[in-house]
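**Q** coords please:
(2 chains)
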Amino acid sequence: MTVGEEQAGTDTPPEVLDGPFSTRQLLRIDEALRLADQGTGLVFSVFVGGLDEPIREHAQRLHRQLAEPDKSVLIAVSPNQRRLEVVTGRYARKRIPDTYAKLAALSMAGAFSGGDLAGGIINGLDQLASHAGKG
Amino acid sequence: MSVTETLLVFVGIPAAAVLVIAGLAYAGSRGSGGGGGGGAKRYRPGRPFDFTPVWFLGRPEQLADSAGTALAAGAQAPALTSHKLEQASVEAPAGGTGGASDRW
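**A** Take a look at the predicted model:
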């Protein structure tokens, strides 16, 4: 291993590459998140990993950890438990009513059941952001 | 035909054909995974999927956590540390949130 390779290894955290996504998918998700944040003024966040029972409460605790929970939308996906939670804060809920969150969740679950994690997340973000409109 | 020839034709040739096809199928399944590297893992519903949890934020500084400063160092997709998972399991859930749940 050369010195240059070692430096590249420290710049990017290796844990991310142990995650469920390839580099290209990571870039697409990052772009989708950025566009959703910029377009709506809300803060979108995606968690992919195991959720403890009760799953809804765990997702809400994660949501609470964000800097501005009221303005935030968290999409929590647990591939092994095959569960999906969308959590919207107090203010975000006015922009994205629960019925529309359910609609986006339905389309994401459809993509996930086909094995497409990244595609489902990107489509779900797009749906939620386009319904929230400009902030 | 002698016994050796019979064996060669009716056992040897089919066996060779099976091996060639199996080899091609194996090479194909390895190559089609991800267009060069990192494609071995793929999520299939119902099968266990081993990966490190990740938490994506549009702006990494948005996490209200002391460890959040480490996330701003350039990670677009910060992995969740066990510290944060522990903290998340201690804090009480917030009220007034909405959203939806689904399963597949």
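**Q** so where is the chain shaky, pLDDT-wise?
**A** Picking chain A for this. A:1-17 (pLDDT under 70).
**Q** My question was about chain B, not that one.
**A** Checking chain B against pLDDT under 70 turns up B:31-40, B:60-95.
**Q** which element follows the helix or strand where residue A:85 lies toward the C-terminus?
**A** Counting by DSSP states H and E, the element that carries residue A:85 is strand A:83-88. Counting by DSSP H and E, the next helix or strand C-terminal to strand A:83-88 is helix A:90-95.
**Q** Phi, psi for the closest residue to chain B within chain A please.
**A** Closest to chain B within chain A is residue A:49: 2.5 Å, counting by Cβ to the nearest Cβ. For glycine as for every other residue, the C-beta is placed from the backbone atoms N, C-alpha and C. The phi/psi pair for residue A:49 (degrees, to the nearest 10) reads phi 170, psi -180.
**Q** give me the number of residues near the closest residue in space to it that isn't next to it in sequence?
**A** Closest residue to residue A:49 apart from its sequence neighbours, by Cβ to Cβ, 6 or more residues apart in numbering or on different chains: residue B:53 at 2.5 Å. Using other Cβ atoms under 10 Å in any protein chain shown, the number of residues around residue B:53 comes to 20.
**Q** For residue B:53, give me the backbone phi and psi.
**A** phi -60, psi 140.
**Q** now do residue A:79
**A** phi -60, psi -40.
**Q** in terms of contact, does it touch residue B:48 like I think?
**A** No - assessed by Cβ atoms under 8 Å, residue A:79 is found out of contact with residue B:48, at 9.4 Å.
**Q** Name the SS class of the residue lying closest to residue B:57 once chain neighbours are set aside, please.
**A** Nearest residue to residue B:57, sequence neighbours excluded (Cβ to Cβ, 6+ apart): residue A:45, at 5.2 Å. Following DSSP: H, G, I helix; E, B strand; the rest coil, we place residue A:45 in the strand state.
**Q** Could you say which helix or strand holds residue A:27?
**A** helix A:23-40.
**Q** Please apply the same query to residue A:131.
**A** Going by DSSP H and E, residue A:131 is part of helix A:117-132.
**Q** Next, the buried residues of that helix.
**A** Across helix A:117-132, burial judged by 16 or more other Cβ atoms under 10 Å in any protein chain shown covers A:117-129, A:131-132.
**Q** Which ones among those also lie next to chain B?
**A** residue A:117 (Cβ under 8 Å from any Cβ of the partner chain).
**Q** ok, of the buried residues of helix A:117-132, which one's closest to residue A:24?
**A** Among the buried residues of helix A:117-132, residue A:118 lies closest to residue A:24 (Cβ to Cβ), at 8.7 Å.
**Q** Now chain B against chain A: closest residue?
**A** Chain A sits closest to residue B:53 of chain B, with a gap of 2.5 Å, by Cβ to the nearest Cβ.
**Q** Tell me the spacing between that residue and residue A:50.
**A** 7 Å (Cβ to Cβ, to the nearest Å).
**Q** how far out from the middle of the chain is stretch A:58-68?
**A** In this view, stretch A:58-68 has its centroid 12 Å away from the chain centroid, taken as Cα atoms, centre = their mean, to the nearest Å.
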